[in-house]
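>>> When you get a sec, could you give me coordinates for this:
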Amino acid sequence: MPASPAARSALTGARLAAESREEAVRARFVREVLAHVPMERVAALHLFAPMRQGGVESGVAVVAATPDPSPDDVRPRHTVYTARYRLTVRGPDRGRWQVDVRPEADAPLVTVDAVVRGVERRAGDATPPERLDPGAVARLAGLTEHAA
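Next comes the predicted model:
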């Protein structure tokens, strides 16, 4: 039996609210990453789909940042950061937010992309990570002056 228009509207409203919350969490996460890695250095950001376990949501991103200029660098190597967040969505600590951003390695950008694909394959995640260029990162973070 098909759902009534009111029921369809309620489902659509709930879906929009969930998508809006997810987008807000993504934007908050990216802003936290940019507090550790300056926007001017971001070459690419790979956002993996968030996971929920119990009352905690967690997410991971891999950031490739351009290195500080060095006269002896002949091949550009990017600093690779791993960023993680944990958001408590249920329970007594509801709303608790933790972020960790750490430099892990330095590598050419092509190697960073290959590593991200390898992690995706090993994780077996049905949703591939979203690769954001600097303009998309700026738009998501609400930094319109960088979003050209």
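>>> quick one: the residue nearest in space to the middle of the chain and Ala107, what's the gap?
Central residue of the chain (CA atoms, centre = their mean): Leu47, 3.4 Å from the mean position. Note on Leu47: its distance to Ala107, by CB to CB, to the nearest Å, is 19 Å. Every C-beta, even on glycine, is put in place using the N, C-alpha and C of the backbone.
>>> now swap in Gly135 and tell me
23 Å.
>>> what are the ranges of the helices in this protein?
5-36, 109-123, 134-141 (DSSP state H).
>>> Quick one, which of the ones you listed gets closest to Ala83.
helix 5-36 (4.8 Å; CB to CB).
>>> for this protein, which spans come out with low pLDDT?
Counting by pLDDT under 70, the low-confidence segments of the chain come to 1-19, 69-75, 145-148.
>>> rewinding a little: mean neighbour count and distance to Val101 for the helices of the chain - can I get that in a markdown table?
Shown next, in a markdown table, are these (neighbours: other CB atoms under 10 Å; distance: least, CB to CB, whole Å):
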| stretch | mean neighbour count | distance to Val101 |
| --- | --- | --- |
| helix 5-36 | 13 | 4 |
| helix 109-123 | 14 | 16 |
| helix 134-141 | 19 | 14 |
